[in-house]
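Student: Sequence and predicted model, in that order:
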Amino acid sequence: MERLDDLVAYIAEIVVQELQGTPGAPGGECTIPVEVSNRHCHLTRETFEVLYGKGKELTLLRELSQRGEFAAQETVTLVGPNMRSIEGVRILGPFRKFDQVELSFTDGFYLGMDLPVRLSGDVAGSAPITIVGPKGSVTLKEGAIRAMRHLHASPEEAKRLGLRDGEKIAIEVPGPIGVVFQNVTVRVSPNGRLAFHIDTDEANAAGVKRRGLGRIVRG
Ligand SMILES: [Zn+2]
């Protein structure tokens with residue numbers, strides 16, 4: 001049912017955005033899917049086994065737009081240096097070679113953390129955080145970031161749109177409280193699928209509920 005609800009919400013969002021679209025805005029039609037990333041973490045198998053027990057595997061909840069990536073049924077509790085906590089934080093699979101916790105600035109304020117803005121994978125020197133699971137807890141020396149907005153694309157999609165891996169572009173998400181997002185990094189990979197990823201703070205600023213549509217605005 002969750003997937004059907006997702007689809008209905010997605011279609012409603014597109015219809016609303018089309019009806020409320022900004023006439024004459026530059027960049028042509030809105031064809032870039034916008035996806036909102038809620039707070040989540042990527043873990044190594046080792047960290048996960050401390051939290052959930054030796055030999056335990058991630059259980060599929062639902063597949064994500066990027067091929068091979070999935071939301072797991074398992075969640076964790078995050079504890080900040082001010083001893084406040086956020087429960088029910090989703091683990092995304094598959095396991096990675098490093099631990100990474102992606103939070104919004106709002107989450108960071110709540111947990112008493114100063115989050116650096118980083119592209120996924122760039123965790124060196126990022127913020128420490130404590131992760132709690134049903135079987136144990138781990139305090140990471142680094143790994144907590146606010147994910148930098150980015151556009152995923154396959155090599156074919158990048159070619160069609162004239163985009164290069166690593167390039168910075170601007171994407172407009174139109175609407176009554178529309179926003180033009182600057183410094184969007186293009187991430188091209190064979191498993192990539194066209195999707196503009198923003199966090200919940202950015203989504204709230206632009207009035208995007210769960211998904212929407214945007215358009216590339218160059219320069
Ligand atoms: Zn992403």
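Tutor: Structure received. Numbers count the residues shown, from 1 in each chain.
Student: Give me the distance between residue 40 and residue 131.
Tutor: Residue 40 is 12 Å from residue 131, where distance means CB to CB, to the nearest Å. Quick note: C-beta positions are derived from backbone N, CA and C, even for glycine.
Student: for residue 142, helix, strand, or coil?
Tutor: strand (DSSP: H, G, I helix; E, B strand; the rest coil).
Student: How much space separates it from residue 122?
Tutor: Taken as CB to CB, the span from residue 142 to residue 122 is 11 Å.
Student: And residue 77, by the same measure?
Tutor: 25 Å.
Student: Residue 193 now?
Tutor: 22 Å.
Student: what's the helix or strand for residue 198?
Tutor: strand 195-199 (DSSP states H and E).
Student: and stretch 65-81, average pLDDT?
Tutor: Mean per-residue pLDDT for stretch 65-81: 97.
Student: do the same with stretch 102-109
Tutor: So the average pLDDT for stretch 102-109 ends up being 98.
Student: Which residues does that stretch contact?
Tutor: 37, 39-42, 78, 86, 111, 113-115, 120, 127, 144-147, 199-201 (CB atoms under 8 Å, 6 or more residues apart in numbering).
Student: Then stretch 204-211?
Tutor: Counting by CB under 8 Å, 6+ apart, 6, 9-10, 13, 33-36, 173, 175-179, 181, 198, 203, 212 sit against stretch 204-211.
Student: Which positions within it qualify as buried?
Tutor: 206-208, 211 (16 or more other CB atoms under 10 Å).
Student: That stretch spans what distance, first to last residue?
Tutor: Start-to-end span of stretch 204-211 (CA to CA, to the nearest Å) is 11 Å.
Student: okay, residue 142 and residue 122: which has more neighbours?
Tutor: residue 142 (17 against 14; other CB atoms under 10 Å).
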